[in-house]
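> I need the structure of the sequence given here:
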Amino acid sequence: MENSAGNLGRATEVLREAVALDEKHGGQLGLAQDRHALLMVSLREGRTREARDLLSATLDYVASAGNSDILATTLELAACTVTELGEPSRSARLAGAAAAVRQVAGMPITAHDAETLEGVPCPRSRDHDRCGVGC
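Below you'll find the model as predicted:
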């Protein structure tokens, strides 16, 4: 909610607490989802290296989960992250991989997820004012 309201500092605080609780008591899916949410806030605040580290922390679970939705979302977030790191070609490949996962699974991106990804700023890319799949 704090993220949606634009209170990114508070969103960061709440999501870091959620990640800590998930690491101690929660399931892996909830932990991955909370890390994804924190990753998006980190990108919005320009903390790209933190976003990359959060992404890296989820990869073991994502690779072993067999969950097409979490895999596609992770690839989409990776595309946003590497865009911020100045790697547009890699971003395009990751976005393409996410689209392929969604197509094979017969699972188009939800309107909410597309809207959320479109809300991540891309300060590196002056041609685009938002970072989403394919930016």
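> contacts, neighbours, all on C-alpha from now
Noted.
> phi, psi of residue 47?
phi -100, psi 70 (degrees, to the nearest 10).
> tally of neighbours for residue 30?
14 (other Cα atoms under 10 Å).
> So, low pLDDT: which residues of the protein?
Under the criterion pLDDT under 70, the flagged ranges of the chain are 1-6, 116, 118-135.
> hmm, who's touching whichever helix or strand residue 90 is part of?
Secondary structure assignment for residue 90, by DSSP states H and E: helix 88-105. Defining contact as Cα atoms under 8 Å, 6 or more residues apart in numbering, one finds that helix 88-105 is touched by 68-69, 71-73, 75-76, 78-83, 108-109, 133-135.
> When you filter those down to buried only, what's left?
With burial judged by 16 or more other Cα atoms under 10 Å, the buried subset of the contacts of helix 88-105 is 68-69, 71-73, 75-76, 78-83, 109, 133-135.
> From those residues, which land in helices?
68-69, 71-73, 75-76, 78-83 (DSSP state H).
> Surely residue 18 and residue 32 touch.
No - judged on Cα atoms under 8 Å, residue 18 makes no contact with residue 32 at a distance of 10.8 Å.
> phi, psi of residue 109?
Phi and psi for residue 109, reported as degrees, to the nearest 10, are phi -60, psi 140.
> Apart from its neighbours in sequence, what residue is nearest it?
Nearest non-adjacent residue to residue 109, counting by Cα to Cα, 6 or more residues apart in numbering: residue 102, 7.1 Å away.
> Next, name the residue at the spatial heart of the protein.
Nearest residue to the geometric centre of the chain (Cα atoms, centre = their mean): residue 77, 3.2 Å.
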